[in-house]
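# model the following, please.
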Amino acid sequence: MNTVIAFIVIFGALVFFHELGHLYFAKRAGILCREFAIGFGPKVFSFYRNETTYTIRLLPLGGYVRYAGEDPEMVQVKPGSHTGLQFNPNGEVTKIVVDQFDRFQDLRFVEVDSIDLEHKLEIIGTEEGTEEVSKFNVHEKAFVYSEGQGHQIAPYNRQFNSKSVGKRAIAIFAGPMMNFVLALVIFILLGLLQGTPVNDAKIGKLLPKGAAQTAGLKEGDIVLSIDNKDVSKWAEVVKIVRESPSKELLFKVKRDNKVISIPITPKSEEIDNKVNGLIGVYAPVEKNVFSSIKYGITETVGWTKEIVLAVGHLVTGQFSINNLSGPVGIYQVTDQAAQSGIFYLMKWAAFLSINLGIMNLLPLPALDGGRLTFFAIEALRGRPIDRQKEGVVHFIGFALLMLLMIIVTWNDIKRLFL
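Numbering: from 1, shown residues only. Next comes the predicted model:
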């Protein structure tokens, strides 16, 4: 049960912050965002606030922000229709009702001759009880109601494609960017909570009943020398111990301003087909804001390089698609991390966040990187690519991604259960 909760929380956080990046910068650009969704498929929960419907959907396969203008408007008012209008005190239309008129009060009815809800924001028609054709100005945030459901109109200047290439690119890039920011924040928190490693020749925490604790070493001891070899760095201590399995070593340490000698025999353990010496001691750590920020940046950059390298190996065929993990594999590793403790779970979440950011930046259709590629082509051509053709490319790309998801999930099932 704990693993299920951990998986849901991690998945939800990664998708939430990714989509939050899209949402925030799109709204900053003046784009009307119709929906902010976590998951795909049937709607489980939703609420409406500040022009946007926030939804949680059934299938935990990602999320999306739906921008105005990307899809055909859900409700269209056609010329010749009998339509109810509601006005504000300034005489502007705020509600356009196409059916179920009894649900609304103070409606004025119009036979519509023409309607423009994108550019001129006007309705031209004949009001009931008159024979005169009139023009009615529509408020830029008016709603169209059909079957009891209201949908805010999207003037052209609020639509995604009306914005400059730069603003659209920022809104799309902001999603992956937030994944890197989230990973950075997690690593900084880890540094503050558990401390960051330092390279001083100082004893950190000891494993219970380990060789070091059994011999008498204590946390905080400063190692001066090992077998008469002076040491000043933790890396030097590790090197000598690893190279001395089952061999007694004489540690000279400083404790409470006194120098004492402690003989320790490292235990032998095979790691990567090589026998190493271990004494059961952790590296020393320090807890401060500066070192935590440095640790967060170092870890984020380091893991980013590792994942980019792995993607490169996948592209060049050095890494098999059979080694990729889908939701099942991620769930299994989440289970292992949860059993190892909260710090391991946080590191795993940061790793997944970086992974999500990098994968979304790949120049593939349906991914953020694919959309950024189309923006780059548009900027070079000086004119947009046909929206329908671009939409077909992204649809095909999405279908292929779903196929890849099925393949890696099947690989996970075979690897773990068959």
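# use CA for all of it now, contacts and neighbours both
Noted.
# for the helix or strand where T53 lies, give me every contacting residue.
If you go by DSSP states H and E, T53 is part of strand 52-67. Applying CA atoms under 8 Å, 6 or more residues apart in numbering, the contact partners of strand 52-67 are 11, 15-16, 19, 22-23, 31-48, 159-160.
# so how far is that strand from its chain's centroid?
Centroid displacement of strand 52-67 relative to its chain, using CA atoms, centre = their mean, to the nearest Å, is 13 Å.
# next one: stretch 346-365
The answer for stretch 346-365 is 7 Å, by CA atoms, centre = their mean.
# where exactly do the helices run in the stretch 1-150 of the chain?
Assigned by DSSP state H, counting those that start in this stretch, the helices in the stretch 1-150 of the chain fall at 2-28.
# any stretches of it with poor pLDDT?
Applying pLDDT under 70 to the stretch 1-150 of the chain flags residues 1, 73-75.
# one step back: quick one, the strand holding T53 and helix 2-28 angle?
Using axes from the mean of the first three to the mean of the last three CA atoms, to 10 degrees, one finds that strand 52-67 and helix 2-28 are set 70 degrees apart in direction.
# residues of strand 52-67 that come out buried?
52-57, 60, 62-67 (16 or more other CA atoms under 10 Å).
# quick one, which of the contacts of strand 52-67 are buried?
Neighbour-count burial (16+ other CA under 10 Å) is assigned, among the contacts of strand 52-67, to 11, 15-16, 19, 22-23, 31-40, 159-160.
# just checking, G277 touches S268?
Yes. At 5.0 Å, G277 and S268 qualify as touching, with contact defined as CA atoms under 8 Å.
# who has more neighbours out of those two?
G277 (22 against 17; other CA atoms under 10 Å).
# ok, back up a step: what touches both of G277 and S268?
Contacts common to G277 and S268, judged by CA under 8 Å, 6+ apart, are 245-246.
# give me the domain ranges for the chain.
82-153, 199-283, 289-417 (automatic domain parsing).
# nearest approach to A169 belongs to which of the ones you listed?
domain 289-417 (6.1 Å; CA to CA).
# from the buried residues of strand 52-67, pick the one nearest K209.
Distances from K209 to the buried residues of strand 52-67, taken by CA to CA, are shortest for P60, at 44.0 Å.
# follow-up on the earlier one: Throw the domains of the chain into CSV and include distance to I188, thanks.
Shown next, in CSV, are the domains of the chain (distance: least, CA to CA, whole Å):
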stretch, distance to I188
domain 82-153, 41
domain 199-283, 18
domain 289-417, 5
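# of all those domains, which one is nearest S164?
Ranking the domains of the chain by proximity to S164 (CA to CA) places domain 289-417 first, at 9.6 Å.
# find the nearest non-adjacent residue to A29, please.
Nearest residue to A29 in three dimensions, chain neighbours excluded: K167, at 6.3 Å (CA to CA, 6 or more residues apart in numbering).
# the one you found - how many residues pack around it?
Neighbour number of K167 under other CA under 10 Å is 19.
# and I262, which of the three is it?
The three-state assignment at I262 reads strand, by DSSP: H, G, I helix; E, B strand; the rest coil.
# these two touch, right, it and R255?
No. Assessed by CA under 8 Å, I262 is found out of contact with R255, at 11.6 Å.
# so who does F374 touch?
Counting by CA under 8 Å, 6+ apart, F374 touches I385.
# list the buried residues in the helix or strand that contains it.
Using DSSP H and E, F374 maps to helix 368-381. Neighbour-count burial for helix 368-381, counted by 16+ other CA under 10 Å, picks out 368-376.
# model confidence over that helix, on average?
The average pLDDT within helix 368-381 is 93.
# K254 falls within a helix, correct?
No. Read with three-state DSSP, K254 is strand and lies in no helix.
# I'd like the numbering to begin with 31 instead of 1 from here.
Got it, the first residue is 31 from now on, which makes the last one we talked about K284.
# specify the beta-bridge partners of it.
K284 forms beta bridges with I252, V289, as assigned by DSSP bridges.
# and if you look at the one 10 residues further on?
Bridge pairing for I294 (DSSP bridges) gives the partners L279.
# what score does it have for pLDDT?
Confidence score, pLDDT, at I294: 95.
# quick check: it touching G240?
No. The pair I294 and G240 does not pass the contact test of CA under 8 Å, sitting 10.4 Å apart.
# these two: which has the busier surroundings?
I294 (22 against 15).
# contacts only, for the more buried one.
Here I294 is in contact with 241-242, 245, 278-281, 309 (CA under 8 Å, 6+ apart).
# could I have the buried ones of those residues as PyMOL selection syntax?
To isolate the buried members of those in PyMOL, using 16+ other CA under 10 Å:
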select buried, resi 241+242+279+280+281+309
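# from the contacts of I294, which is closest to E157?
For these, the nearest to E157 is I309 (89.9 Å; CA to CA).
# what's in contact with stretch 63-81?
The contact list for stretch 63-81 (CA under 8 Å, 6+ apart) reads 42, 45-46, 49, 53, 56-57, 62, 82-98, 182.
# go with 7 Å
By CA atoms under 7 Å, 6 or more residues apart in numbering, the residues outside stretch 63-81 that reach it are 45-46, 82-98.
# then stretch 244-253?
The contact list for stretch 244-253 (CA under 7 Å, 6+ apart) reads 231-236, 261, 281-285, 292-294.
# same deal with stretch 416-424?
For stretch 416-424, contacts defined as CA under 7 Å, 6+ apart pick out 395-396.
# buried residues of it, list them for me.
Those would be 423-424, for stretch 416-424 by 16+ other CA under 10 Å.
# mind checking how far that stretch is from the chain centre?
25 Å.
# same check, this time on stretch 208-227
Taking mean C-alpha positions (CA atoms, centre = their mean), stretch 208-227 and its chain are 15 Å apart.
# quick one: neighbours of K259, just the number.
Using other CA under 10 Å, K259 is surrounded by 13 other residues.
# ramachandran coordinates for it?
phi -100, psi 120 (degrees, to the nearest 10).
# from V315, how far off is it?
Here the criterion is CA to CA, to the nearest Å. By it, K259 lies 24 Å from V315.
# could you do V34 as well?
The gap separating V34 from V315 is 32 Å, by CA to CA.
# what of V331?
The value you get for V331 to V315, if CA to CA is used, is 21 Å.
# settle it for me: which of these two has more neighbours?
Here V331 and V315 are compared on neighbour count by other CA under 10 Å; more neighbours surround V315, at 19 against 14.
# what's opposite the more buried one in the beta bridge?
Assigned bridge partners for V315, using DSSP bridges, are P227.
# perfect, I'm done here.
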